[in-house]
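K.L.:
what would the 3D arrangement of this be:
(2 chains, ligands or ions: 2)
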Number of protein chains: 2
Amino acid sequence: PTLTPAQYSTVYNMFSFTIASMGASALFFFLSRNQLAPKYRPAMMVSGLVVSIACYHYFRIFESWEAAYELTGGQYVPTGAVFNDAYRYADWLLTVPLLMVELIAVLALPKGEGRGLLVRLSVAAFFMIALGYPGEIAKYEAGAQYWIFFVLSMIPFLYILFVLLTELTKSLERQPENVRGYISAARLIVLVSWCFYPIAYLASGVGGLSGAQAEVGLQVGYTIADIVAKAVFGVYIYFIARTKSEN
Amino acid sequence: PTLTPAQYSTVYNMFSFTIASMGASALFFFLSRNQLAPKYRPAMMVSGLVVSIACYHYFRIFESWEAAYELTGGQYVPTGAVFNDAYRYADWLLTVPLLMVELIAVLALPKGEGRGLLVRLSVAAFFMIALGYPGEIAKYEAGAQYWIFFVLSMIPFLYILFVLLTELTKSLERQPENVRGYISAARLIVLVSWCFYPIAYLASGVGGLSGAQAEVGLQVGYTIADIVAKAVFGVYIYFIARTKSEN
Ligand SMILES: CC1=C(/C=C/C(C)=C/C=C/C(C)=C/C=O)C(C)(C)CCC1
Ligand SMILES: CC1=C(/C=C/C(C)=C/C=C/C(C)=C/C=O)C(C)(C)CCC1
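P.N.:
Ligands and ions are numbered 1, 2, ... in the order given. This next block holds a predicted model:
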């Protein structure tokens, strides 16, 4: 769709902002790792990897956005080069399992339990992402394909949310007093930011949004969700790890 | 506006100078961190993040400046690609709260006090920046919009200056003898550099400056202010932290 300069720039500037945020978070996570107890360093390492991977993908996403539109007669008109949604899905394929590792590492669950949980969640995450992609590229105009894959992807998504919610709640009781606040904040961050993804997906499916508005809504929604799910979440993991290190 | 070669190059060279300054400061802050007492390392880390984020944005600003003008018949004529002011605002959105963290960390205020202060200052900073942006992109020619958002942005700005001034003065008395000089220098740096921003904003609003002069004044003003508020300020934070580490 043709975008107004304000629509085009909103997305453009948000992408640049995200590159800066992810890059700065990566520096922070990698450099503060050694200030923590050795037991919690792997969690910070993984946080650093997640935002580094995202920094790379947002760099590509930014360039793909630039290539997809051209200023012509005061409007941003599609050039014919398609904006590449696949960068996001490639990013998620790598980062979602790492986020699970991060969460489980910082909870310091009993060994066997943590591993089983990780496998179940990662398999579900794989199907969630793999099934969402065909719907994403089909776009709303494709009708059935857009909706069928949405519904298929929602099944592992709801399963993940359910497992995370019950497991995190159970583990909360075993955690030291002074990190419980951070852990329930982390749980809230996961719940809210993860729900943002299917909502952003629906930006083009809900009535009333024009093609341009739907595109902007989708990009802005995914971007905010990514900043919260990766960088803000990582900062909370840092707080949990630091508090546990001091205990 | 059309710029003379001298005007164009002044801004161009200042941007490049700033990339070098911010990059070098980032290396300095990150690498000298481990020479300090653990208590003061987070402050240096945050200083390093601030100048890293600025280094990224000045790189983008530099490229945007290059794309916005073209040498035609001995003058630099606008190409039609707009110079993207949003990079500065995105930068401030990230760096201003971090500067507050830095300042509060090095003062080593009592825990609860520091956190409350940080929240109040960050919220005010968010409104200062968010309200300044619509005025900035409107430019002086827009008349009312330029002035209304200036005044709105000045309210949180004055609040921040007031809080910083009173809090820093109060904390000065509790600080060890041998860092008081540095802390009052840091206070002066904050006051002077922060006041530079609204003054630069007004470059296009005050009578007598042509469009070209106003643009150059704005860019040079913001750039000097950024170097002082981020890099020079960070060096003072380093002095404070080093002196306190030796105590
Ligand atoms: C349910 C659903 C989706 C969910 C995506 C999610 C939940 C992605 C989470 C990504 C994260 C957390 C990345 C952080 O690194 C899709 C694929 C948009 C397709 C539509 C249905
Ligand atoms: C009052 C005022 C402004 C103040 C900006 C300031 C004070 C920015 C500070 C930035 C810093 C300190 C960045 C360092 O990293 C604006 C937005 C120009 C708009 C006009 C009114």
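K.L.:
what separates the residue lying farthest from the centre of chain A from residue A:2, distance-wise?
P.N.:
Here the centre of chain A is the reference, and by Cα atoms, centre = their mean the most remote residue is residue A:73, at 35.7 Å. Taking Cβ to Cβ, to the nearest Å as the measure, residue A:73 falls 10 Å from residue A:2. C-beta coordinates here come from the backbone N, C-alpha and C atoms, glycine included.
K.L.:
any idea of the mean pLDDT in stretch A:51-59?
P.N.:
Rounded to a whole number, the mean pLDDT of stretch A:51-59 is 98.
K.L.:
residues contacting the nearest residue to residue A:36 once chain neighbours are set aside?
P.N.:
Nearest residue to residue A:36 in three dimensions, chain neighbours excluded: residue A:245, at 4.7 Å (Cβ to Cβ, 6 or more residues apart in numbering or on different chains). Residues counted as contacts of residue A:245 (Cβ atoms under 8 Å, 6 or more residues apart in numbering or on different chains) are A:35, A:36, A:37, A:39, A:40.
K.L.:
go again using 10 Å as the cut-off
P.N.:
Contacts of residue A:245 were listed using Cβ atoms under 10 Å, 6 or more residues apart in numbering or on different chains, and they are A:35, A:36, A:37, A:38, A:39, A:40, A:41.
K.L.:
so which residues make contact with stretch A:175-193?
P.N.:
By Cβ under 10 Å, 6+ apart, the residues outside stretch A:175-193 that reach it are A:99, A:102-103, A:106-108, A:160-161, A:164-165, A:167-169, A:171-173, A:224-230, A:232-244, A:246-247.
K.L.:
which ones among these lie within helices?
P.N.:
Using DSSP state H to define helices, the subset of the contacts of stretch A:175-193 located there is A:99, A:102-103, A:106-107, A:160-161, A:164-165, A:167-169, A:171-173, A:224-226, A:233-244, A:246.
K.L.:
and those residues, which are buried?
P.N.:
Buried subset of the ones in helices among the contacts of stretch A:175-193 (neighbour count, 16 or more other Cβ atoms under 10 Å in any protein chain shown): A:99, A:102-103, A:106-107, A:160, A:164, A:167-168, A:171, A:225-226, A:233-244.
K.L.:
check the contact between residue A:123 and residue A:156; I expect there is one.
P.N.:
Yes. The pair residue A:123 / residue A:156 is scored as a contact, 8.2 Å apart, by Cβ atoms under 10 Å.
K.L.:
looking at these two, which has the bigger crowd around it?
P.N.:
Ranked by neighbour count (other Cβ atoms under 10 Å in any protein chain shown), residue A:123 and residue A:156 place residue A:156 first, with 20 against 13.
K.L.:
where in chain A is pLDDT low?
P.N.:
Scanning chain A for pLDDT under 70 picks out A:108, A:142, A:207-208.
K.L.:
how about the strands in chain A?
P.N.:
Taking DSSP state E, the strands of chain A run over residues A:69-72, A:75-78.
K.L.:
just name the most buried of the ones you listed.
P.N.:
Compared across those, strand A:75-78 shows the largest average neighbour count, a mean of 16 (mean count of other Cβ atoms under 10 Å in any protein chain shown).
K.L.:
so what secondary structure elements neighbour that strand?
P.N.:
Contact here means 3 or more Cβ pairs under 10 Å, 6 or more residues apart in numbering or on different chains; DSSP states H and E; on that basis strand A:75-78 packs against helix A:5-32, helix A:41-68, strand A:69-72.
K.L.:
can you add distance to residue A:90 and give the strands of chain A back as TSV?
P.N.:
Formatted as TSV, the strands of chain A follow (distance: least, Cβ to Cβ, whole Å):
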stretch	distance to residue A:90
strand A:69-72	22
strand A:75-78	23
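K.L.:
so which of these gets nearest residue A:52?
P.N.:
Shortest separation from residue A:52 across these is recorded for strand A:69-72, at 27.7 Å, computed as Cβ to Cβ.
K.L.:
give me the residue at the spatial middle of chain A.
P.N.:
Residue closest to the average C-alpha location in chain A (Cα atoms, centre = their mean): residue A:226, at 3.6 Å.
K.L.:
can you pull the contacts of the closest residue to that residue other than its chain neighbours?
P.N.:
Once flanking residues are discounted, residue A:226 sits nearest to residue A:54: 6.2 Å by Cβ to Cβ, 6+ apart. The neighbourhood of residue A:54, defined by Cβ under 10 Å, 6+ apart, consists of A:18-19, A:21-23, A:25-26, A:61, A:88, A:91-92, A:94-95, A:226-227, A:229-231.
K.L.:
I'd like the distance between the closest residue in space to residue A:70 that isn't next to it in sequence and residue B:38.
P.N.:
Taking Cβ to Cβ, 6+ apart, and ignoring the residues beside it in sequence, residue A:70 has residue A:79 as its nearest neighbour in space, at 4.8 Å. Distance check for residue A:79 against residue B:38: by Cβ to Cβ, it reads 53 Å.
K.L.:
near chain B, which residues of chain A are found?
P.N.:
For chain A, the contact set with chain B under Cβ under 10 Å from any Cβ of the partner chain comprises A:5-6, A:9-10, A:12-14, A:16-21, A:23-25, A:27-28, A:31-32, A:34-35, A:62, A:71, A:74, A:242.
K.L.:
let's see 6 Å
P.N.:
A:13, A:17, A:20, A:24, A:31 (Cβ under 6 Å from any Cβ of the partner chain).
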